[in-house]
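Q: Sequence plus predicted model, see below.
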Amino acid sequence: MPQCVGGNTAAISGWLDNDMLDRPDPLATTNHQVRPDRGGEAGGPESTVDASIASLLERLSSGELVADPGVVRLGPTMVGRINDEVVAPLRLIAERGGKAWRAALSLTVCEALGGDPSALEPWTGVIELLHVGSLIVDDVQDQSELRRGGPCCHHVYDEARALNAGCSAYFLLDEMIEAVPASADTKLAMYRLFFQTLRAAHAGQGVDLGGLAQAARAAVHGGDLSGLVRTVLDVHRLKTGYPVVLCAQLGALTAAAAPASLDAMSRYAMALGTALQIGDDLLSLRGFERGLKTSGEDLLAGKITTPVALTLASLPRPEAAAFLERLLTPMKRDSDLAALQRQIEDADAPDACLELAADLLECAWAEVAPHLRPGPARDALKHYGRLFLHRQF
C-alpha cells in the first residue's frame, strides 16, 4: 500500500482549520447521520443503528443466532443463561451510546460511490456490535477503568465473561453479508476482507500489548528514531486503520464500485483510521470529555504512542534516553507524569501529530476524490477526516 507523505502545505492546513468545524455540518445533509449524542447515557432518540442492534441482540438472546434448531433445540433455561452471559454484557456497552459513525461511514461510502445504501441500513448494528465487542476485549487487555462514561464491562462482569461476550460479537457479519443483494463474488470479497481485518487487528493489538519499549530503546541508543515513528504508525494501521477500511469497503462493495475506486477508498479509509488513532493518542494526554476515559492512561502504562515517538525523535539522544526511561518506569508519581506531559508539549509533538495525520488524509483524499460523485455524501466523507483530527464527533 503506498504511503502518503509530503502533501501540499496549504491543503494540509485546511484539514487543521478549526473554523471548518463551525460551518454547517456536511454529515447533517446526508441521510446517514451519526447517532445523536447521549453523553454516555442510555436512552435518547432511536436511530437506524439502534433498531438494528436491538434486533440482533434479541435474535442472540432467543438463541436463533446461536444454534440451528435442526441440530439442537435449546431449552428455555439455556436461552435465559445465554441472555445473561453473552447478550447482557454486549447490551451494557452498546446501550451507553457512542456515535455509531462506523455504520454511518459504510452507508455514506456506498452512496458516494453511486450505490443504494438502503440495502445496508438494516444491518448497521452488525458493524456497531463488532466495534462494541472489540472495545470490551480491548478494555480487559488494557485493564481500563471507564468506557463510554461508565465502568468497563469486565468491572461489571468478570474478565473471562467479558472476553467471551466481546469475542462473540465478531461472529455476526455473516448475517449482513448473506442479506446484502450482491453477487457471489462480491460476497466472497466481503468475507475475505472481514477475515483479513480480524488478522490485521489482532496482529496490531498483539504488538500494542507487547509494547515497543525494546524498539524504542534500540532507536534511542543509536538506532533510527524516524523508523520508530513508522513502527508506531504501522501498529495504528493494523489495529485501528484496517477496521475502518472494513467499514468503508462494505459500503464500496455494496455499491459495486470499480477496482480502482475500491483501492482508492481503502487508502482513504486507512488514512481516516490512522488519523483517528493519532487523535486518540493525543486525547490520552489530556483526558476525554465527560470522563469517558482516564486521563494520561497511555503515559501511565508506558506506551510508545505517536506523540511519544515524535518527542523522542525531536530530542538530543541523551535527553531522549532520559525521557524514555522515565516513561518506562512502572510506578510513576504525579510529578513524573506532569514532567512527561510537559516535555511532549515543549517538543511540539501534539502539533506534529496533527500535521502528520493531516498529511496522510490530504494525500489519500486527493486520490479518492475523483472517484466520488459530487454531493452531500462526498462532502461528508471529507468532513470525517476533520472530525477525526479534532475528535469532535
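A: Perfect, thanks for sending it. Numbering: from 1, shown residues only.

Q: Identify the residue spatially nearest to the residue nearest the centre of the chain, adjacent ones excluded.
A: Here the mean C-alpha position of the chain is nearest to the C-alpha of T240 (C-alpha atoms, centre = their mean), at a distance of 4.8 Å. Excluding the flanking residues, the one nearest T240 by C-beta to C-beta, 6 or more residues apart in numbering is Q277, at 4.0 Å. For every residue, glycine as well, the C-beta is placed using N, CA and C.

Q: what about the helix or strand hosting that neighbour, average pLDDT?
A: According to DSSP states H and E, Q277 maps onto helix 259-286. Helix 259-286 carries an average pLDDT of 93.

Q: Give me the distance from that helix to the chain's centre.
A: 8 Å (C-alpha atoms, centre = their mean, to the nearest Å).

Q: That helix packs against which elements?
A: Packing contacts for helix 259-286, counted by 3 or more C-beta pairs under 8 Å, 6 or more residues apart in numbering; DSSP states H and E, involve helix 101-112, helix 225-236, helix 242-254, helix 297-300, helix 306-314, helix 349-368, helix 376-390.

Q: of all those helices, which lies closest to D84?
A: Set against D84 and scored by C-beta to C-beta, the helices and strands packed on helix 259-286 come closest in helix 101-112, at 26.7 Å.

Q: how distant is whatever helix or strand comes next after that closest one from the center of its chain?
A: With elements assigned by DSSP H and E, the helix or strand that comes after helix 101-112 is helix 124-142. Using C-alpha atoms, centre = their mean, the mean C-alpha position of helix 124-142 is found 10 Å from that of the whole chain.

Q: ditto for stretch 142-152
A: Taking C-alpha atoms, centre = their mean, one finds stretch 142-152 lying 16 Å from the centre of the chain it belongs to.

Q: measure that stretch end to end?
A: Stretch 142-152 stretches 11 Å from its first residue to its last (C-alpha to C-alpha, to the nearest Å).

Q: Need the mean per-residue confidence for it.
A: The model assigns stretch 142-152 a mean pLDDT of 89.

Q: Buried residues in it, which are they?
A: Within stretch 142-152, the residues that count as buried by 16 or more other C-beta atoms under 10 Å are 142, 144, 146-150, 152.

Q: Of those, just say which sits nearest to T254.
A: Taking C-beta to C-beta as the measure, R148 is the one of these closest to T254, at 28.5 Å.

Q: To what extent is the nearest residue to the closest one once chain neighbours are set aside buried, counted in neighbours?
A: Once flanking residues are discounted, R148 sits nearest to R96: 3.9 Å by C-beta to C-beta, 6+ apart. For R96, the count of nearby residues is 19 (other C-beta atoms under 10 Å).

Q: same question, the one 4 residues further on
A: Using other C-beta under 10 Å, A100 is surrounded by 25 other residues.

Q: ok, back up a step: in a strand, the residue nearest to R148, correct?
A: No: per DSSP: H, G, I helix; E, B strand; the rest coil, R96 lies outside any strand segment and is coil.
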